[in-house]
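**Q** Using only what follows, build the 3D model:
(chains A and B)
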Amino acid sequence: MLWIFYICTVSHQGGNNMNSVFLEEMTAEEKRQIIRDAGGDTEHLLAILLELQSHSGTSSIDEATAEIVADELHLTPAHVHDVITFYEMLSAQPSARYTINICKSVPCYYAKAAKPVSLLKEILGISPGEATPDGMFRICYCSCFGACDISPAIKIGDEVYGNLTLDSLRELIDGLRAR
Amino acid sequence: MSKTMNILTESAGTYDGTSVAEYKAHGGYKALANVVAMSQQEILDELLDAQLLGRGGAAYPAGRKWSQMAHIKEMPKYIVCNADEGEPGTFKDRELLKYQPLRVIEGMTIAGRTLNAERGFIYIRGEYRNIQKIFQKAIDDALKNGYLGQNVMGIKGFNYTITIVSGAGAYVCGENSAMLNSIEGKAGRPRIKPPHLAEVGVYSLPTLVNNVESFADLTVIYTLGAARFKEIGVETSGGTALVAICGHVKNPGVYEVGLGKVTLRDLIYDPELGGGMCDRPLKFYHLGGQSGPIGFPEQLDTPFDHESLKKEKLAVGSGAFVVMDESVCLVDYCRKVMEFFVDESCGKCTPCRIGTERALQLLTRLCEGQGQEGDTDKLEYMIGQISSLAACGLAQACDKAIMSCLRHRRDEFIAHENGICPTLSCDMKKHSSVS
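**A** This is a model prediction of the structure:
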């Protein structure tokens, strides 16, 4: 039974590891340090890009940063761009500080609980594909991220939030705004 | 008697799974200690005898895969653990990676020892970045305690390291050849096969790819022995399976059951498992994610093991078990399934890139009341063509769910051709404009 208990409580880790120093304010050397810390070779390319993106403040990787990655890993900028545009979690287009990913796969889509789309519309006044005017939040749909046991679920950065209610979601959004 | 088991999941979550000392206190590294005393042939024979069928989805016998790898002379060889579980409804590997990382590491080390590989990769999906950190902690502790690195367990020449490779949100990377490209730092597009990955894998060298749960199962096989492993399951498929139950059931979660020891009915209704339906009666259940088949109430007494399910044209697949009640329209559900394949198609081969799009258009038409006579036949023909012509497993399996619906509930599709949704959940424009 303990096993079940742990499963039910796993995905409610609080906190968010978004950093407050953004890429555009970083020097090339600081970016190179992030690249090396995240593995520094082609096997770690995706880990490097995800790490850089988490520092971006715009949920994206700009061209200058991508070029530094290419240089550090001895790849062509085109190779890095191919990778950034191929993977769903990476983006070359700046969007918002926080991207709110709503799972649209079947377990969440047909979940009986409150619908994140309508809750977020009520709180933020935007629909999937849109961003708040202050550039803080953008909502988009994504595929299953493995939180079907607490559906409907959303993901912001690396954190997953499930079993949502209007109040819990409002609290979450307020917390991110205050950060 | 309890229907759940805790062999693979023994004590999981009750101790620090990243600590070698604690893992050993809970029976860890006994399997590896046994393995290092065995010859390669003994190890392979034990695995063949255990009838471990791969837990990633394809259910390929692990013993056969390993024996093929052992016969390949070219060196070095690589071990890859596929932890990219992206099948919607699947979250069983998440539990192992999070609470039992050292069990997975031990399994991968057994593979390295057996096949004389010195490097292992574990490809963990980008959505599990937090879990990657936990797993890295476990790797670091194994290195510190001499269970990874140079001269593992003090045995000269037994060198083995594991590197975590992150995914970044591409379902297609769960396809093994796409995953290997992704490990090499490329876009995760599948490779044309043959040559097979066993011979031409990571960096074009021989590579063994198994699922997280398959690797974890090795620790059970080499601790309890193949005979006991088969007893836990059935003669044709040994061991336990982790099932991720979700949807309209009272107790969604991950459960460990002995293969063949429970029925599909148990999975949904047993109080220790799914706990029954939430508020409406069962309509159907989807096994193994989007690329798996759909089952119906009349098949509920089928035992949950590979062979019994196969007879019913069902499958264990990735361990996903999505339960849906009567409020869900089957055609609408299939539309959502096809939408998933459209989104996740990498675009490399035409049958998948364009075919899934056309199938989605047809399903959308049916759901919107714009269906035409013969659409069901057309859909069946179309998805049959996609699955037989597509280059990789992604679209080769895109027909599974719809085909099982057409076999058992064709009438619901025919009704949609006539602008009628029996569950009244589709937006029937044609129907409403007539009335």
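
**Q** can we go C-alpha only for contacts and neighbour counts from here?
**A** Fine.

**Q** quick one: the host helix or strand of A:Glu51 to chain centroid distance?
**A** A:Glu51 belongs to helix A:45-54 when assigned by DSSP states H and E. Relative to its chain's centre, helix A:45-54 lies at 11 Å (C-alpha atoms, centre = their mean, to the nearest Å).

**Q** continuing past that helix, what's the next helix or strand?
**A** Next along the chain after helix A:45-54, taking DSSP H and E as the criterion, comes helix A:63-73.

**Q** If you count neighbours, what's buried in that next one?
**A** Across helix A:63-73, burial judged by 16 or more other C-alpha atoms under 10 Å in any protein chain shown covers A:65-70, A:73.

**Q** tell me the pLDDT at the nearest residue to B:Leu309 once chain neighbours are set aside?
**A** Spatially, and ignoring its direct neighbours in sequence, B:Leu309 is nearest to B:Ala315 (5.4 Å; C-alpha to C-alpha, 6 or more residues apart in numbering or on different chains). We have a pLDDT of 97 for B:Ala315.

**Q** circling back to that earlier point, I'd like the buried residues of helix A:63-73 laid out as a markdown table, including pLDDT.
**A** What follows is the buried residues of helix A:63-73, written out as a markdown table (pLDDT from 0 to 100):
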| residue | pLDDT |
| --- | --- |
| A:Thr65 | 96 |
| A:Ala66 | 97 |
| A:Glu67 | 97 |
| A:Ile68 | 97 |
| A:Val69 | 98 |
| A:Ala70 | 98 |
| A:Leu73 | 98 |
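
**Q** Output the set of residues of chain A in proximity to chain B.
**A** Proximity of chain A to chain B, by C-alpha under 8 Å from any C-alpha of the partner chain, involves residues A:2-4, A:6-8, A:42-47, A:50, A:79, A:82-83, A:86-90, A:105-108, A:110-112, A:143-150, A:158-159.

**Q** Now, of those, which are buried?
**A** Among those, those classed as buried by neighbour count (16+ other C-alpha under 10 Å) are A:3-4, A:6-8, A:42-47, A:50, A:83, A:86-90, A:105-108, A:110-111, A:143-150, A:158-159.

**Q** Out of the buried residues of helix A:63-73, which comes closest to chain B?
**A** A:Leu73 (10.0 Å; C-alpha to the nearest C-alpha).

**Q** was I right about that closest one contacting A:Glu43?
**A** No. Counting by C-alpha atoms under 8 Å, A:Leu73 does not reach A:Glu43; the two are 9.8 Å apart.

**Q** can you list the weak-confidence ranges in the chain?
**A** Went with chain A since none was named. For chain A, the stretches flagged by pLDDT under 70 are A:1-21.

**Q** Oops, wrong one, chain B.
**A** Low-confidence segments of chain B, defined by pLDDT under 70: B:429-435.

**Q** Go again with 50.
**A** B:432-435 (pLDDT under 50).

**Q** Going along the chain, name the strands of it.
**A** Secondary structure of chain B by DSSP state E: the strands cover B:78-83, B:119-124, B:161-166, B:207-211, B:240-247, B:253-258, B:282-287, B:294-295, B:320-325.
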